[in-house]
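Asks: Return a 3D structure for these sequence lines:
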Amino acid sequence: MTLDDMSLQQVRVTALEKLDNAVCTALTNIEADDARKALSEAVADCIATDAVPPPQVMACVEAADEHLGYGERMEARTLLTVAHRLLARVPRPVLPRPSTPGDVMLHG
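Replies: A predicted model of the protein is given here:
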């Protein structure tokens, strides 16, 4: 895996994490409009970086957004809970950490 591939993969992982964070935030008692905005931005980031969550997650998020638009918080919470649990199952690649000066050992 090249550095560019790793960077792109990290951007995608970050986009999925942002989506999960937006889902969790929307599950709190924030205003429906704020929740919808956070979800919309997170979905846009996923699309922009080709970080494609499972279709079930997207369906739950889209349906929750619609319910929030109608003020149906309980229905939205149910769908967002399902989306959060599905996102927790999405495999995330293990990316190498950047090295620090202490990581390099010289043998002499």
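Asks: which stretches of the chain have low pLDDT?
Replies: 1-3, 92-108 (pLDDT under 70).
Asks: ok, now with 90
Replies: Scanning the chain for pLDDT under 90 picks out 1-12, 28-30, 51-53, 90-108.
Asks: so residue 71 touches residue 32, yeah?
Replies: Yes - the pair residue 71 and residue 32 passes the contact test of C-beta atoms under 8 Å, sitting 6.5 Å apart. (Each C-beta comes from the backbone N, C-alpha and C, glycine too.)
Asks: of these two, who's got more company?
Replies: Taking neighbours as other C-beta atoms under 10 Å, residue 71 and residue 32 compare with residue 32 leading, 17 against 9.
Asks: Now do the contacts for the more buried one.
Replies: Contacts of residue 32 were listed using C-beta atoms under 8 Å, 6 or more residues apart in numbering, and they are 68-69, 71, 73, 76.
Asks: Please report the distance of it from residue 19.
Replies: Residue 32 sits at a distance of 18 Å from residue 19 (criterion: C-beta to C-beta, to the nearest Å).
Asks: next one: residue 13
Replies: Distance of residue 13 to residue 19, computed by C-beta to C-beta: 11 Å.
Asks: Quickly list what's touching both of the two.
Replies: The contact sets of residue 13 and residue 19 overlap at residue 51 (C-beta under 8 Å, 6+ apart).
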